[in-house]
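Colleague: Predicted coordinates and the sequence they were generated for:
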Amino acid sequence: MSQPVSRRDLLHNVVRGSVLATLGGGALFLVQKAHGQVVWQVDAARCINSRLGDTGAEACKLCTTECVVALSAVRAVNEYAKCGRCNICPAYFNITSAVDEKGLPSEKLCPRDAIARKPIGKADPEDPANNFYEYVIDEEKCDGCGKCVMKCKEPLGLGSIVLRVRYDKCVGCNRCAISRACPKDALMQIPVEQALRPPELRPRTE
Amino acid sequence: MEYRQIQVIGGKGNAPGQFATSLRGLAVDAHGQIFAAGDSGITVFDTAGSVKRRWATSRPPLSVAVAPDGAVYAGQLRQIEIFDGAGKLVNTWRDETLLGRVTAIGFVKDGVLAGDAADRAIRHFDRGNHRFRNNIGKDNPVHGFLIPNGVVDFAVDAHGVIHAANPGKHRVERYLPSGQLLGHIGRFHGTDPAGFGGCCNPTNVAVRDRIYVTEKAGPRAKVYDFDGNLQAVIASAPFDPNCKNMSVAVDRRGVVYVADTVKLAIFVFEPVTV
């Protein structure tokens, strides 16, 4: 006879499932790694593109230019639980571009068109501004330039988009080229088992 | 129409009249007294900006409003505390379901309105017995309020019409207390100051002879007529660029009070005749 699933277990499984879904192939890579090993990761609280207080600054592109991996092993990730699903998403649109006939900004922000959007839930065809939208980042197009991350952070956005090292792409250099270039020491090595935990459950680094 | 800054009240600190960690709500009563919801209490300033009174609330206040009879309502998590004008607690109104996160309070004839940011709705209650009457702005017409900023804010005009900020739609919407949507002002625009910029603006609203709003990123205060025509950008420069959800209030002289949520200061602007 099967055991009843408690609400706590169910929530645990949902969180675990969403983390694995977010990490994608990287999660599989991680569980194959031996305990005690370390991996590189971006600390969002240090990264210029995501840390609070740098409003109006230009996005830092060192993760794109310094990584030895093609395009970069650092990619943008949308943490859906935080996303406001806004009609006018500052990470999707260039919000200062001219407004088109639909009342939307006419230009997209991402230079590689790596973010797709679609209406979710019950849509109001008479009033597109009355809809929620889901924003999905295409990892294969993203090069981790951080422009969307900079525009998504508070107060302009909600900070749902952050840069993450994709473990299935990272080749695990002993001296990560990004970490050497990063002016804020935002690239750091963390234990594999810590990398598998949701960011909000990781120990604070500062 | 132009405005000039005439005063700064409060600021970050521990001195009397300053705020240590938060400044979330503003209200002005008929006598021009300024009520500020910040830290863990309500501070009352006179028109000159001097502290008249301060009292603690049982939970950190998220909003403050002064009823026509002078009672002071402090919106909090899952409750509203009601004080007399001297700061004496008169009643604690708890409701786990309908008062999730009370970020705005207003009054219509015999009713009390509470903005519940937890459920993205304005609740309409009977003022005497606090019995729930109806929701306003919820699922209207499909999704209701889109508020990524975590604040439902509204104001009631002299005719009892509710003007509610709907930042995700870049609008200020007008409702009757029954919940009927009458219309809206506002549109998105990233560069034209007449529009509301960013993902979600305006965040806060006040109303008297005109409609007063605040925006985030970049923070600014603006005033519109009731047809939605921009009358003036009241100010943008004094506000910290990282602040959002700046509560706004206006007194009967047309003086505008804006709460900077980072500097923890109340900026005061008066209209200038040109």
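Modeller: Thanks, I have it. Numbers count the residues shown, from 1 in each chain, chains lettered A, B, ... in the order given.
Colleague: looking at the sheet around the residue nearest to the spatial centre of chain A, what are its partners?
Modeller: In chain A, the residue lying closest to the centroid (Cα atoms, centre = their mean) is A:V77, at 2.0 Å. Beta-bridge pairing of A:V77 under DSSP bridges involves A:V162.
Colleague: tell me the pLDDT at it?
Modeller: Note for A:V77: predicted pLDDT of 94.
Colleague: Identify the residues contacting the residue of chain A found nearest chain B.
Modeller: At 3.0 Å from chain B, A:G84 is the closest residue in chain A, using Cβ to the nearest Cβ. Where you see a C-beta, it was placed from the backbone N, CA and C, and this is true even at glycine. By Cβ atoms under 8 Å, 6 or more residues apart in numbering or on different chains, A:G84 lies in contact with A:G157, A:L158, A:S160, B:P148, B:G168, B:C199, B:C200.
Colleague: ok, now how distant is the residue lying closest to B:G85 once chain neighbours are set aside from chain A?
Modeller: Spatial nearest neighbour of B:G85, chain neighbours left out: B:G70 (4.5 Å); criterion: Cβ to Cβ, 6 or more residues apart in numbering or on different chains. As defined by Cβ to the nearest Cβ, to the nearest Å, B:G70 lies at a distance of 35 Å from chain A.
Colleague: in a strand, that's where B:G70 is, yeah?
Modeller: No: read with DSSP: H, G, I helix; E, B strand; the rest coil, B:G70 is coil and lies in no strand.
Colleague: Can you show me the strands along chain A?
Modeller: A:38-42, A:74-78, A:115-120, A:132-137, A:161-165, A:187-191 (DSSP state E).
Colleague: just to revisit the earlier point, and the residue nearest to B:G85, what's its pLDDT?
Modeller: At B:G70, pLDDT is 96.
Colleague: for A:L30, same thing?
Modeller: Looking at A:L30, the pLDDT reads 62.
Colleague: What residues does the stretch 51-200 of chain B have near chain A?
Modeller: Where the stretch 51-200 of chain B comes near chain A, counting by Cβ under 8 Å from any Cβ of the partner chain, the residues are B:141-143, B:146, B:148, B:168-171, B:187-191, B:195, B:197-200.
Colleague: Which among those count as buried?
Modeller: Among those, those scoring as buried are B:143, B:146, B:148, B:168-171, B:187-190, B:195, B:197-200 (criterion: 16 or more other Cβ atoms under 10 Å in any protein chain shown).
Colleague: Among these, which has the minimum pLDDT value?
Modeller: Lowest pLDDT among those: B:H143, with 81.
Colleague: circling back: might one say that the residue nearest to B:G85 is in contact with B:Q33?
Modeller: No: under the criterion of Cβ atoms under 8 Å, B:G70 is not in contact with B:Q33, lying 9.8 Å apart.
Colleague: For those two, indicate the residue with more neighbours.
Modeller: The residue with more neighbours, out of B:G70 and B:Q33, is B:Q33; 19 against 14, by other Cβ atoms under 10 Å in any protein chain shown.
Colleague: Test my guess that the more buried one contacts B:D46.
Modeller: Yes: contact criterion Cβ under 8 Å: B:Q33 and B:D46 qualify, at 6.2 Å.
Colleague: show me what contacts B:A27?
Modeller: With contact set as Cβ under 8 Å, 6+ apart, B:A27 has these partners: B:I34, B:F35, B:V64, B:A65, B:V66, B:A249.
Colleague: now, the most widely separated pair of those residues?
Modeller: Greatest spatial distance among the contacts of B:A27 (Cβ to Cβ): B:I34 and B:A65, at 12.6 Å.
Colleague: Those two: which is more packed in?
Modeller: A count of neighbours by other Cβ under 10 Å puts B:A65 above the other of B:I34 and B:A65, at 27 against 24.
Colleague: Nearest to chain A within chain B, name that residue for me.
Modeller: Of all residues in chain B, the one sitting closest to chain A is B:P148 (3.0 Å; Cβ to the nearest Cβ).
Colleague: confidence score at residue 16?
Modeller: Chain wasn't specified; assuming chain A. 50.
Colleague: ah, no, chain B please
Modeller: At B:P16, pLDDT is 94.
Colleague: Run a quick neighbour tally on A:N94.
Modeller: 16.
Colleague: Kindly apply the preceding question to A:G53 instead.
Modeller: Counted with other Cβ under 10 Å, the neighbours of A:G53 add up to 12.
Colleague: Enumerate the residues of chain A near chain B.
Modeller: Counting by Cβ under 8 Å from any Cβ, chain A sits next to chain B at A:52-53, A:55-56, A:84-90, A:95-97, A:99, A:103-105, A:121-124, A:126-127, A:129-132, A:154-158.
Colleague: shaky segments in chain B?
Modeller: Flagging of chain B using pLDDT under 70 yields the residue ranges B:274.
Colleague: Surely A:V99 and B:H189 touch.
Modeller: Yes: if you go by Cβ under 8 Å, A:V99 and B:H189 touch, sitting 5.8 Å apart.
Colleague: what residues does the strand or helix carrying B:V90 touch?
Modeller: Using DSSP states H and E, B:V90 falls within strand B:89-94. Around strand B:89-94, the neighbours that count as contacts under Cβ under 8 Å, 6+ apart are B:S58, B:A71, B:R78, B:Q79, B:I80, B:E81, B:I82, B:F83, B:D84, B:L99, B:H130.
Colleague: So for the last one, what's the nearest residue that isn't a sequence neighbour?
Modeller: The one in question is B:H130. For B:H130, ignoring the flanking residues on the chain, the nearest one in space by Cβ to Cβ, 6+ apart is B:W93 at 5.5 Å.
Colleague: Next, the buried residues of stretch B:20-39.
Modeller: Using 16+ other Cβ under 10 Å as the test for burial, stretch B:20-39 gives B:22-29, B:33-39.
Colleague: which ones among these are found in strands?
Modeller: Counting by DSSP E, those contribute B:L23, B:R24, B:G25, B:L26, B:A27, B:V28, B:I34, B:F35, B:A36, B:A37, B:G38 to strands.
Colleague: Give the bridge partners for the first one, please.
Modeller: For B:L23, the beta-bridge partners are B:G38 (DSSP bridges).
Colleague: OK, contacts around it?
Modeller: Contact analysis of B:L23 by Cβ under 8 Å, 6+ apart lists B:G10, B:A36, B:A37, B:G38, B:S247, B:A259, B:D260, B:T261, B:L264, B:A265, B:I266.
Colleague: Now for the contacts of A:G84: which two are most distant?
Modeller: By the measure Cβ to Cβ, A:S160 and B:G168 form the most distant pair in these, at 14.5 Å.
Colleague: how much space is there between B:I82 and A:S50?
Modeller: 42 Å (Cβ to Cβ, to the nearest Å).
Colleague: same thing with A:D138?
Modeller: Distance from A:D138 to A:S50, by Cβ to Cβ: 20 Å.
Colleague: more neighbours, the two?
Modeller: Using other Cβ under 10 Å as the criterion, A:D138 and A:S50 rank with A:S50 on top: 24 against 14.
Colleague: Settle this for me: that one is touching A:R164, isn't it.
Modeller: No: contact criterion Cβ under 8 Å: A:S50 and A:R164 do not qualify, at 10.4 Å.
Colleague: Residue 74: what's it in contact with?
Modeller: In the absence of a named chain, chain A is used. Applying Cβ under 8 Å, 6+ apart, we find A:V74 in contact with A:V42, A:C63, A:T64, A:C67, A:G144, A:L163, A:R164, A:V165, A:R166, A:I178.
Colleague: Oops, wrong one, chain B.
Modeller: B:A37, B:I42, B:T57, B:P61, B:S63, B:V64, B:I80, B:E81, B:I82, B:F83.
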